[in-house]
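Q: Just the structure for this:
(4 chains)
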Protein chains: 2
Amino acid sequence: MSATASTAAPSVGRPRAFDMDTALQKALEVFWLKGYEGASLPDLCEAMGINKPSLYAAFGNKEQLFLKAIELYENRPCAFYYPALEQPTSYQVVQHMLCGAAKANADPANPPGCVIVQGALACSESGASVKQALIEKRQKGEVALRERLERAQAEGDLPADADPAALARYIGAVLQGMAIQATSGASCDDLRMVAETVLQAWPGKK
Amino acid sequence: MSATASTAAPSVGRPRAFDMDTALQKALEVFWLKGYEGASLPDLCEAMGINKPSLYAAFGNKEQLFLKAIELYENRPCAFYYPALEQPTSYQVVQHMLCGAAKANADPANPPGCVIVQGALACSESGASVKQALIEKRQKGEVALRERLERAQAEGDLPADADPAALARYIGAVLQGMAIQATSGASCDDLRMVAETVLQAWPGKK
DNA sequence: TAATTTTTGTACTGATTGGTAAAAAATTAA
DNA sequence: TTAATTTTTTACCAATCAGTACAAAAATTA
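A: Sure thing, here's the model as predicted:
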């Protein structure tokens, strides 16, 4: 029982003919575009440039591949989210989130929208656990924002009569709505208009 | 070539053993919960209480069944949307939309969320036309709201410096975000908090 | 070179997908 | 009663689904 991760290349044996990270990136693109259930194994294999046994040997199964692709998504296209919480004021936090989302959701280099929103929103029983995993990712993001806004209120950065929980839920809804708009064809500028509308009304804006 | 609709019961032949409207309602529930591609024909048949040949004879095929179910959705659970446009002020229009959505998206009598949002957001090639149909439904709703807000501005009900297009897109995003929140488990009260947050900041609120 | 280890390609599995052929059953019209 | 019409039931279709068995190939270690 070695503690070696399954991703670590062994020193003996035939070397892997593909790069796991770029293959995972390709898998992410397919899942992003088609969703967990809409992405078939032939779809994934073709995009990744490998065949099924290689996929299973390297990533486990379809579900594990999806979860690893989501992890990659959080660390790359969606990497703007949690750092935004470190902005000095609540206004700037929300501004960074909304503008980051506008850019990420409508980046021509990637599929439109957000894979955490559209990856498994409504699906059959076989996708239930993936759907639940994405729900939890969305909620985790909202909780982090709520806690940040509570801190802002304690610091006097948000008015005393503001409701951090309601505001976090509201911003969460706007972010998710922006993702839907992007999948419907909205451009980055379109989404920025939404962001600007939110920011103009931000309580105690500064 | 008779002009009789395929839904009209013929006077001769074996009578249909099920009610088309209630069967369509059941089909809508399945599509709502599982999405277009996640809903299998056995799923649909079981919920509708009929078998496949009856389904095909009565509704065409899976795609046509879905489109008819969506039509039913617009006329029933989502019937609040277009009438809301007839409210006298832009504030009341938006209030009715947001509160109607809060109620409809989290009604315990129905699956959570909005089937027009989650029915075919990301799917394989075989769902492309359905996905496009839903995109157009969403955009049509947004256009109607934009035109209503343009009228409100012309009537002096919205400030001259407001941007009806941006506001319509913004409200569209919030409505779609509320649908996502509902599928993630948000209650009607949770969604009402979002609605209230939007309304508190409505330009020239009245 | 020989033994070992791992990945690769091909071919397959059983289950499920959307959709249909054909005959039996139920009704109305003649 | 008989003919015509429509729905229902059962059984099937080819295609696709996720996943795998197996052997050839390619590398390292000894």
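Q: What is the burial count for residue A:165?
A: As a burial measure, residue A:165 scores 15 neighbours (other CB atoms under 10 Å in any protein chain shown). For the C-beta atoms, the positions are set from N, CA and C on the backbone; glycine is no exception.
Q: Just to check, it is in contact with residue B:193?
A: Yes. Taking CB atoms under 8 Å as the definition, residue A:165 is a contact partner of residue B:193 at 7.5 Å.
Q: any idea how far DNA strand D is from the closest residue to DNA strand C within chain A?
A: Nearest to DNA strand C, among the residues of chain A, is residue A:13, at 2.1 Å (CB to the nearest atom of the strand). From residue A:13 across to DNA strand D, the span is 5 Å (CB to the nearest atom of the strand, to the nearest Å).
Q: Helices of chain A, residue ranges please.
A: In chain A, the segments counted as helices under DSSP state H are A:20-38, A:41-48, A:52-59, A:62-75, A:81-84, A:90-105, A:115-118, A:128-154, A:164-183, A:188-200.
Q: quick one, what contacts residue A:70?
A: Residue A:70 sits next to A:28, A:31, A:115-116, A:119, A:133-134, A:137 when contact means CB atoms under 8 Å, 6 or more residues apart in numbering or on different chains.
Q: Sorry, slip of the keys, the one I care about is residue A:99.
A: Applying CB under 8 Å, 6+ apart to residue A:99 gives the contacts A:192, A:195.
Q: what about stretch A:156-165, how long is it end to end?
A: Across stretch A:156-165, the terminal residues are separated by 16 Å (CA to CA, to the nearest Å).
Q: how far out from the middle of the chain is that stretch?
A: Averaging C-alpha positions (CA atoms, centre = their mean, to the nearest Å) puts stretch A:156-165 27 Å from its chain's average.
Q: Tell me the buried residues in that stretch?
A: For stretch A:156-165, a neighbour-count test (16 or more other CB atoms under 10 Å in any protein chain shown) marks A:157-158, A:162-164 as buried.
Q: need those in TSV with pLDDT and distance to DNA strand D, can you?
A: Formatted as TSV, these follow (pLDDT from 0 to 100; distance: CB to the nearest atom of the strand, whole Å):
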residue	pLDDT	distance to DNA strand D
A:157	95	47
A:158	96	46
A:162	96	45
A:163	97	43
A:164	98	41
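Q: biggest separation within those residues, which pair?
A: A:157 and A:163 (14.5 Å; CB to CB).
Q: that older thread, how far away is the residue of chain A closest to DNA strand C from residue A:156?
A: Distance, residue A:13 to residue A:156, by CB to CB, to the nearest Å: 61 Å.
Q: Was I right to think residue A:89 contacts residue A:153?
A: No. Between residue A:89 and residue A:153 there is no contact under CB under 8 Å: 11.7 Å.
Q: between these two, who's got more neighbours?
A: Higher neighbour count among residue A:89 and residue A:153: residue A:153, with 20 against 16, using other CB under 10 Å.
Q: who's in contact with that one?
A: A:159-160, A:162, A:164.
Q: Format the contacts of residue A:70 as a markdown table; extra columns: distance to residue A:143.
A: Listed next are the contacts of residue A:70 as a markdown table, based on distance: CB to CB, whole Å:
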| residue | distance to residue A:143 |
| --- | --- |
| A:28 | 25 |
| A:31 | 25 |
| A:115 | 20 |
| A:116 | 15 |
| A:119 | 20 |
| A:133 | 16 |
| A:134 | 15 |
| A:137 | 11 |
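Q: Alright, that wraps it up for me.
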